[in-house]
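>>> no sequence on this one, just coordinates:
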């Protein structure tokens, strides 16, 4: 799914949400999704929820060793902080059913 398809899908769901008639334009939906993306980017140092799906947060990764795939040389990969998304338990359960675990 690309960003245009996401905007169209969200528009269809929101405009028919809970039997109510909303009339949000594609531009308005796009603006909300872009604003959410900006909020996540600006606040990634905190836990940022995606309501009903999960949460974004920064996690610490330990230093480790790796290999250069071309030369096979060992490399030292330094410790870092990286963003991670954690699904909530209900979504995780649904994903396991879909994937077949």
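Alright, I've got the coordinates. Keep in mind the model is a prediction, meaning the values are calculated, not measured.
>>> next up, the contacts around the nearest residue to residue 54 once chain neighbours are set aside.
Once flanking residues are discounted, residue 54 sits nearest to residue 87: 4.2 Å by Cβ to Cβ, 6 or more residues apart in numbering. C-beta coordinates here come from the backbone N, C-alpha and C atoms, glycine included. Each residue near residue 87 by Cβ atoms under 8 Å, 6 or more residues apart in numbering is listed here: 53-54, 95.
>>> how close does residue 87 get to residue 33?
Look at residue 87 and residue 33: by Cβ to Cβ, to the nearest Å, they are 19 Å apart.
>>> ok, now residue 70?
Distance from residue 70 to residue 33, counting by Cβ to Cβ: 39 Å.
>>> for the protein, longest helix please?
Criterion DSSP state H: the longest helix present in the chain is helix 26-42.
>>> give me the distance between the helix or strand following that helix and the centre of its chain.
Downstream of helix 26-42, the first helix or strand assigned by DSSP states H and E is strand 48-50. Taking Cα atoms, centre = their mean, to the nearest Å, one finds strand 48-50 lying 9 Å from the centre of the chain it belongs to.
>>> in contact with the residue nearest the centre of the chain, which residues?
By Cα atoms, centre = their mean, the chain has its centre lying nearest to residue 85, at 6.0 Å. Counting by Cβ under 8 Å, 6+ apart, residue 85 makes contact with 50, 54-56.
>>> count of residues packed around residue 8?
A total of 14 residues lie near residue 8 under the criterion other Cβ atoms under 10 Å.
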